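> one predicted model, sequence on top.
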Amino acid sequence: MQIQINTNNHVEGHERMETYFREVITNSLKRFEDKVTRIEVHVGDENSHKSGDADKKCTIEARIAGMQPVAATNHANTLEKAIDGALDKIKKLLDTTFDKMKTH
């Protein structure tokens, strides 16, 4: 499973941050690694240098072999919380997607 992390202009893409997020994502989605070919993560700060509630955004797109990609987005006040929330959502979405495939 390939993981690509993208940031907008307002988030500094430090190597340490990317390494940490890559590890969190890999551990969280480990059970899907045989079905998901690629994960694209888009992280951004929507208010730039101004602070605000839920101004950090994370979108996770999972590309499933032979199917259309699925995506989940979460907003929070920190990048870590935004990614955690998006991971929770994408796991539920992948569970639902694969459960539906089993019934058909």
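Yes, it's here.

> count the residues that sit near T37.
A total of 14 residues lie near T37 under the criterion other C-beta atoms under 10 Å. In short, each C-beta sits where N, CA and C put it, glycine included.

> tell me the helix or strand right after the helix or strand containing it.
Per DSSP states H and E: T37 is located in strand 36-45. Counting by DSSP H and E, the next helix or strand C-terminal to strand 36-45 is strand 56-64.

> which elements pack onto that following strand?
When contacts are defined as 3 or more C-beta pairs under 8 Å, 6 or more residues apart in numbering; DSSP states H and E, strand 56-64 sits against strand 36-45, strand 70-76, helix 79-103.

> which other helices and strands contact the second one?
This means strand 70-76. Strand 70-76 makes packing contacts with strand 56-64, helix 79-103 when contacts are defined by 3+ C-beta pairs under 8 Å, 6+ apart.

> ok so, going back, most packed of the helices and strands packed on strand 56-64?
Across these, the average number of neighbours (mean count of other C-beta atoms under 10 Å) peaks for strand 36-45, which reaches a mean of 19.

> show me what stretch 61-72 is in contact with.
For stretch 61-72, the external contacting residues (C-beta atoms under 8 Å, 6 or more residues apart in numbering) are 29, 32, 35-42, 59-60, 86, 89-90, 93-94, 97.

> next one: stretch 81-91
Residues contacting stretch 81-91 (C-beta under 8 Å, 6+ apart): 21, 24-25, 28-29, 32, 41, 43, 56-60, 62, 70-76.

> picking that back up, okay, the helices and strands packed on strand 70-76 in TSV with distance to N8 next?
TSV is the format used below for those (distance: least, C-beta to C-beta, whole Å):
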stretch	distance to N8
strand 56-64	9
helix 79-103	11
